[in-house]
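1. Structure here, sequence nowhere to be found:
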C-alpha cells in the first residue's frame, strides 16, 4: 500500500514552486544581479537554474527512460543548463519561466504510474547507494529546489527583504497573541 504517489509528488512540487515564485516576486528586479560572493550565481541565474533543473531528471526518466546512469553525460547536460542560466532575462521573464517550467514538470509527474516510480535506476560504479527508485530520484528535484530557495531566502535578508514565509509566520503569531489578549 502506498500513500504517496505521482499525484502527491506533483502536488508537493507545485507547493515548492509556488513558494519559489513568491520569493522571486519579492526580490526587487534591481537586486537580480546580486551575488552573495563573486563565485556564486546571481539571483537571476539562481532562479533560472531552479526553473530549468527539472529538465535533467525529466530527460533521464521521461525522454531517455534510462535504467542505468553509467555513461550518462551529466557534465554535458549540466553545461547546457548552465549556458541557459547565463542568458539575460528580465524579472518578469524569469518568473514566467518558473511558472511555465514548473507547471510542465508537475503535469508530467502527475501522469507517472506507481510501477514506473518504483523502477530502480543503477548509478555508476562506486556511487552509493548503487541504485535508487525513480521516485527517490524525482523527489530530489523538489529537494534541490528547496535547497536553492533556502539560499534565496538568505539573500533576501542580505538585500533587506523579509521572506514571505517569515512574514506569514509573524502574522499568524501576532494574530494568536491578539486572540489570547482578547480572551
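-> Nice, thanks for sending it over. Not measured: the values here are computed from a predicted model. Residues are numbered from 1 along each chain as shown.

2. can we go C-alpha only for contacts and neighbour counts from here?
-> Noted.

3. and the residue nearest to residue 112 when sequence neighbours are not counted, how many residues sit next to it?
-> Nearest residue to residue 112, sequence neighbours excluded (Cα to Cα, 6 or more residues apart in numbering): residue 6, at 5.7 Å. Residues lying near residue 6 (other Cα atoms under 10 Å) number 21.

4. Quick check, pLDDT for residue 6.
-> What the model reports as pLDDT for residue 6 is 96.

5. buried stuff in stretch 156-165?
-> Using 16 or more other Cα atoms under 10 Å as the test for burial, stretch 156-165 gives 156, 162, 163, 164.

6. Tell me which residues are up against stretch 56-67.
-> 77, 78, 105, 120, 121, 122, 134, 137, 138, 141 (Cα atoms under 8 Å, 6 or more residues apart in numbering).

7. Identify those among those that sit within strands.
-> 120, 121, 122 (DSSP state E).

8. Going through those, which ones are buried?
-> The neighbour-count criterion (16+ other Cα under 10 Å) marks 120, 121, 122 among the ones in strands among the contacts of stretch 56-67 as buried.

9. In contact with the closest residue to the first one other than its chain neighbours, which residues?
-> Pointing back at residue 120 there. With sequence-adjacent residues excluded and distances taken as Cα to Cα, 6+ apart, residue 120 is closest to residue 133, at 4.2 Å. Residues near residue 133 by Cα under 8 Å, 6+ apart: 117, 118, 119, 120, 121.

10. Sticking with residue 47, tell me its helix or strand.
-> Under the criterion of DSSP states H and E, residue 47 resides in helix 43-52.

11. and the nearest residue to residue 86 once chain neighbours are set aside, how many neighbours?
-> Once flanking residues are discounted, residue 86 sits nearest to residue 45: 6.2 Å by Cα to Cα, 6+ apart. Using other Cα under 10 Å, the number of residues around residue 45 comes to 23.

12. now swap in residue 170 and tell me
-> Residue 170 sits with 12 neighbouring residues when counted by other Cα under 10 Å.

13. go on, residue 151?
-> When neighbours are counted by other Cα under 10 Å, residue 151 registers 14.

14. Kindly provide the distance from it to residue 132.
-> Taking Cα to Cα, to the nearest Å as the measure, residue 151 falls 27 Å from residue 132.

15. Then residue 8?
-> Relative to residue 132, residue 8 is positioned 19 Å away (Cα to Cα).

16. How about residue 56?
-> Residue 56 is 16 Å from residue 132, by Cα to Cα.

17. next one: residue 103
-> In this structure, residue 103 and residue 132 are 25 Å apart, going by Cα to Cα.

18. Repeat that for residue 78.
-> Distance of residue 78 to residue 132, given as Cα to Cα: 20 Å.
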